[in-house]
Structures are given as structure tokens and as C-alpha cells.
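[1] let me see the structure of the following:
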Amino acid sequence: MTPMELTGSINVLGYAIATIGPGLGVAWIFASVINGIARQPEARGAMMSAVYIGFAVVEALAILGFVLAFIAR
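    Residues are numbered from 1 along each chain as shown. Next comes the predicted model:
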């Protein structure tokens, strides 16, 4: 075994990089809603329903990436 040899699964590294996207997506969704509610508090109800849908889609992508990391082994 040479000192520069990589061991382990490259899938773990791929999943680690893939989590950056959903993490940023969730942050941007909630940052936008907080900003929107601060500007127009009476529109909170309409904004929150869109937030739940957006959050579910972004988290589904994260879970899909997690599952694919195990399938590709």
C-alpha cells in the first residue's frame, strides 16, 4: 500500500458534495420567506404554503441523493 493510495468508497465523497445543493436550497427558501414576511406580514399564509412545497421538493432531492449513494455501491 503506497502512501497516496485512496481507500474507501467514492460514493461518500459524491454524496457529501451533493448535500451542498439541498442545504443551500433550504437556506434560500427560508431566507426569502423571512424577508417577504418582514416586508409584507399580511401575506404570511400564502407564503408559508409555497414554502412547505418548496421545502418538500428540496428535501426529496437530498433523500434521493442519499439513496442513490447506497444503490451505486
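
[2] CA only for contacts and neighbour counts going forward, please
    Fine.

[3] how about the helices in the protein?
    Taking DSSP state H as the criterion, the chain contains helices spanning 10-18, 20-39, 44-71.

[4] same list (the ones you listed) but as CSV, adding mean neighbour count and mean pLDDT.
    Output for these, formatted as CSV (neighbours: other C-alpha atoms under 10 Å; pLDDT from 0 to 100):
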stretch, mean neighbour count, mean pLDDT
helix 10-18, 14, 76
helix 20-39, 14, 93
helix 44-71, 14, 87
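
[5] distance check, the residue nearest to residue 48 when sequence neighbours are not counted against residue 62.
    Nearest residue to residue 48, sequence neighbours excluded (C-alpha to C-alpha, 6 or more residues apart in numbering): residue 33, at 7.6 Å. Separation of residue 33 from residue 62 (C-alpha to C-alpha, to the nearest Å): 21 Å.

[6] name all residues that make contact with residue 35.
    Listed by C-alpha atoms under 8 Å, 6 or more residues apart in numbering, residue 35 has no contact partners.

[7] roughly how far apart are the spatially most central residue of the chain and residue 57?
    Central residue of the chain (C-alpha atoms, centre = their mean): residue 22, 1.4 Å from the mean position. The gap separating residue 22 from residue 57 is 9 Å, by C-alpha to C-alpha.

[8] residue 68 now?
    Distance from residue 68 to residue 57, by C-alpha to C-alpha: 16 Å.

[9] now do residue 30
    From residue 30 across to residue 57, the span is 14 Å (C-alpha to C-alpha).

[10] quick check: neighbours shared by those two?
    The overlap between the contact sets of residue 30 and residue 57 (C-alpha under 8 Å, 6+ apart) is empty.
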